[in-house]
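Trainee: How does the following fold in three dimensions:
(2 chains)
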Protein chains: 2
Amino acid sequence: MPPRRCTASAAAGQTGSDSDLDEFIMRCLSCEEQYDMDDAGTCRECYQEANEAEEELRLEIDDLKSKVSFLTLSSPTLNPSTADIVLVPVDDSDAAPIPAHKHVLSCRSPVFNAMLENDMEERRSGTIKISDVSHDTLCAFVNYLYTAEASLDNQMACNLLVLGEKYQVKHLKTYCEKYLIAKMNWNKAIANYAFAYQYNCKQLRSASLAVILDKMDLFTQNEYYAELVDTNPRLVVEIYETYIGKQLNTAGTL
Amino acid sequence: MPPRRCTASAAAGQTGSDSDLDEFIMRCLSCEEQYDMDDAGTCRECYQEANEAEEELRLEIDDLKSKVSFLTLSSPTLNPSTADIVLVPVDDSDAAPIPAHKHVLSCRSPVFNAMLENDMEERRSGTIKISDVSHDTLCAFVNYLYTAEASLDNQMACNLLVLGEKYQVKHLKTYCEKYLIAKMNWNKAIANYAFAYQYNCKQLRSASLAVILDKMDLFTQNEYYAELVDTNPRLVVEIYETYIGKQLNTAGTL
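Mentor: Residues are numbered from 1 along each chain as shown, chains lettered A, B, ... in the order given. Predicted coordinates:
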């Protein structure tokens, strides 16, 4: 519905009665509710342009989703007959080797690429041994390299992030980091902060620090506090330093 | 900049001078230009919501772009050592075979998948022979299966669309169809219409038909008209039928 027209004669020569004020009420082209000048947003041209821009963004999203779907590979475990390499979790001796393809591993990880391009043990034997990882995590890792998807909980996000760091799969690292940030709370903040420090995750580190600083009065009561003081007292010092620095800054601007 | 406030006292008790009307001018929160009630678009809340929605769409696009980049494989011609199959353009006997990977071909095309899953000649020999295609087109085709990108001109778009239809690579077909529609003009319309009919491209067929019908008085003068009458007169009849049908419909609504 178009906004009510405001003509010169309507605006001029008013006598001040309430009914006259109704002439200055408009109807929003988007929500179709009435509003007055105090609540005005955009002109009609900008509204129309914004609508067109949104439509273009939605089309771009459709295109990209279709591209993602096209580029997604099926997991090699579903059809292992063409695999030319296997990954083995060395700490899980009963686990079945996980089939994969050298070309895919090389494209996804510069570490695998270096390993498989040069005449290293892994290339000759067709086996990549991976330590400190369970069979389930390694399956999820390989699956991610083919599909860019993983079913995460807190533990799996941490496990995959560690592999993402080790094999320089940045996309996986970011994916897990986003999950951990989304699930962040005060109980997890110190553990997340220490984890982020260890595996070089700037976003996660900054997000967990913000949560810690927000409840600094409870810092020493967090269940991971004593552990962090024990394992990495410098990190604890850093947190205190940041807190004090912020307090001084705030005081300086008051 | 916020819009100018319209208070009760400003709206009421006006005497009708031009300067009073200035009180009813608002400033658009988007373009920051002034507008009056006749050109009003949205309320402030909808403007803010639209801004947030746009920001979310842009973040989604960034995510999807990063996913596309992660899932893109490097072309097998750049590093053929891990290839386990070759594609050969049979009509180009001097051309070098094009290396590829069975897993990638199977994921991208149900036709290749059936060929390579079952114990067919191609699987045993490790060679897929492809007829009626140049070496350049076949290279571009294989490259597309790894990257979802191709450098197109009109001829290449047609060549790849034919392969997309033959090997049921829908994403490639749509990609080429979009290119041909974007480059459509009256000179190409009849040829595109016949091509779209032959290779089952609904969008391209509909787009070329619209261009033909728009200049129906010049239909018989199109350089491809005589050729189409010769090779596929039924298609020409269909175009005439559609034109007459539309004329009758238009007349019926008048």
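
Trainee: domain parsing for chain A?
Mentor: As given by automatic domain parsing, the domain ranges for chain A are A:8-71, A:74-183, A:188-254.

Trainee: Figure out which of the ones you listed is closest to chain B.
Mentor: In this view, these are compared for proximity to chain B by CB to the nearest CB, and domain A:8-71 is the closest at 3.1 Å. From N, CA and C alone the C-beta is placed, and that goes for glycine too.

Trainee: can you give me how far the closest one is from the chain middle?
Mentor: On the basis of CA atoms, centre = their mean, to the nearest Å, domain A:8-71 is displaced by 32 Å from the centre of the chain it belongs to.

Trainee: same check, this time on stretch A:101-121
Mentor: Between the mean C-alpha position of stretch A:101-121 and that of its chain there is a distance of 27 Å (CA atoms, centre = their mean).

Trainee: Quote the end-to-end distance of it.
Mentor: With CA to CA, to the nearest Å applied, stretch A:101-121 spans 16 Å between its terminal residues.

Trainee: what's next to it, contact-wise?
Mentor: Contacts made with stretch A:101-121 from outside it, assessed by CB atoms under 8 Å, 6 or more residues apart in numbering or on different chains, are listed as A:73, A:76, A:82-85, A:122-123, A:128, A:145-146, A:166-169, B:70, B:72-74, B:76, B:79, B:82-83, B:101, B:103-104.

Trainee: and that stretch, which residues are buried?
Mentor: Across stretch A:101-121, burial judged by 16 or more other CB atoms under 10 Å in any protein chain shown covers A:101-109, A:112-113, A:115-116.

Trainee: Adding mean pLDDT as columns, could you present the domains of chain A in JSON lines?
Mentor: Compiled in JSON lines, the domains of chain A are given as follows (pLDDT from 0 to 100):
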{"stretch": "domain A:8-71", "mean pLDDT": "81"}
{"stretch": "domain A:74-183", "mean pLDDT": "94"}
{"stretch": "domain A:188-254", "mean pLDDT": "92"}
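
Trainee: Determine which stretch of these is the most buried.
Mentor: Here the criterion is mean neighbour count by mean count of other CB atoms under 10 Å in any protein chain shown, and of the domains of chain A the winner is domain A:74-183, at a mean of 18.

Trainee: Check the offset of it from the chain's centre.
Mentor: 20 Å.

Trainee: mind checking the end-to-end distance for that domain?
Mentor: When the termini of domain A:74-183 are compared using CA to CA, they are 29 Å apart.

Trainee: who in the stretch 101-250 of chain A is up against chain B?
Mentor: With CB under 8 Å from any CB of the partner chain as the criterion, the stretch 101-250 of chain A meets chain B at residues A:H101, A:K102, A:H103, A:V104, A:S106, A:C107, A:R108, A:L116, A:E117, A:A148, A:H171, A:T174.

Trainee: Can I get the residues you listed in a markdown table including secondary structure?
Mentor: Supplementary listing: those in a markdown table, determined by DSSP: H, G, I helix; E, B strand; the rest coil:
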| residue | secondary structure |
| --- | --- |
| A:H101 | coil |
| A:K102 | helix |
| A:H103 | helix |
| A:V104 | helix |
| A:S106 | helix |
| A:C107 | helix |
| A:R108 | helix |
| A:L116 | helix |
| A:E117 | helix |
| A:A148 | coil |
| A:H171 | helix |
| A:T174 | helix |
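
Trainee: What is the nearest of the residues you listed to B:S66?
Mentor: Closest approach between these and B:S66, by CB to CB: A:H171, at 6.4 Å.

Trainee: picking up where we left off before, quick one: closest of the domains of chain A to B:D92.
Mentor: Nearest to B:D92, of all the domains of chain A, is domain A:74-183, at 25.2 Å by CB to CB.

Trainee: Quick check: phi and psi at A:Y35.
Mentor: Here is the backbone geometry of A:Y35 (degrees, to the nearest 10): phi -150, psi 160.

Trainee: Isn't it up against A:M26?
Mentor: Yes - if you go by CB atoms under 8 Å, A:Y35 and A:M26 touch, sitting 5.9 Å apart.

Trainee: Identify the contacts common to those two.
Mentor: Between them, A:Y35 and A:M26 share the neighbouring residues B:C43, with contact defined by CB under 8 Å, 6+ apart.

Trainee: Out of the domains of chain A, flag the one nearest B:D153.
Mentor: Closest approach to B:D153 among the domains of chain A is made by domain A:8-71 (20.9 Å; CB to CB).

Trainee: so what's the most centrally placed residue in chain A up against?
Mentor: For chain A, the residue nearest the mean C-alpha position is A:K178 (2.7 Å; CA atoms, centre = their mean). Contacts were defined as CB under 8 Å, 6+ apart; by that measure A:K178 touches A:Q203.

Trainee: Could you list the residues in contact with the helix or strand in which A:T42 is found?
Mentor: Element membership for A:T42 (DSSP states H and E) is strand A:40-43. Strand A:40-43 is contacted by residues A:26, A:28, A:50, B:3, B:26, B:28-31, B:33, B:35, B:39-48 when judged by CB under 8 Å, 6+ apart.

Trainee: switch to 6 Å and redo it
Mentor: Counting by CB atoms under 6 Å, 6 or more residues apart in numbering or on different chains, strand A:40-43 makes contact with B:P3, B:M26, B:C28, B:L29, B:S30, B:Y35, B:D39, B:G41, B:T42, B:C43, B:R44, B:Y47, all of which sit outside it.

Trainee: quick one: the residue nearest to the centre of chain A and B:L78, what's the gap?
Mentor: When distance is defined by CB to CB, to the nearest Å, A:K178 is 31 Å away from B:L78.

Trainee: And A:K102, by the same measure?
Mentor: According to CB to CB, A:K102 stands 14 Å off from B:L78.

Trainee: can you give me the helices for the stretch 151-254 of chain A?
Mentor: Here the stretch 151-254 of chain A has its helices, by DSSP state H, counting those that start in this stretch, at A:154-166, A:170-182, A:186-198, A:202-214, A:225-231, A:233-253.

Trainee: Which neighbouring elements make contact with the fourth one?
Mentor: Under the contact definition 3 or more CB pairs under 6 Å, 6 or more residues apart in numbering or on different chains; DSSP states H and E, helix A:202-214 sits against helix A:170-182, helix A:186-198.

Trainee: just the third one next, same as before
Mentor: Packed against helix A:186-198 by the contact rule (3+ CB pairs under 6 Å, 6+ apart) you find helix A:202-214.

Trainee: Also compute the angle for the helix it packs on relative to helix A:233-253, please.
Mentor: Between helix A:202-214 and helix A:233-253, the angle comes out at 70 degrees (axes from the mean of the first three to the mean of the last three CA atoms, to 10 degrees).

Trainee: got the angle between helix A:202-214 and helix A:154-166?
Mentor: Interaxial angle of helix A:202-214 relative to helix A:154-166 (the same axes, to 10 degrees): 130 degrees.

Trainee: Any chance you could list what contacts helix A:202-214?
Mentor: Applying CB under 6 Å, 6+ apart, the external contacts of helix A:202-214 come out as A:E177, A:L180, A:I181, A:M184, A:W186, A:A189, A:N192, A:Y193, A:A196, A:Y243.

Trainee: now do 10 Å
Mentor: A:157, A:161, A:173-174, A:176-182, A:184-199, A:201, A:218-219, A:222, A:225, A:235, A:238-239, A:242-243, A:246-247 (CB atoms under 10 Å, 6 or more residues apart in numbering or on different chains).

Trainee: Which helix or which strand is home to A:A150?
Mentor: Counting by DSSP H and E, A:A150 is held by no secondary-structure element, helix or strand.

Trainee: Next, the angle from the helix or strand hosting A:Y47 to helix B:170-182.
Mentor: Element membership for A:Y47, per DSSP H and E: helix A:44-71. The directions of helix A:44-71 and helix B:170-182 differ by 140 degrees, with the same axes, to 10 degrees as the criterion.
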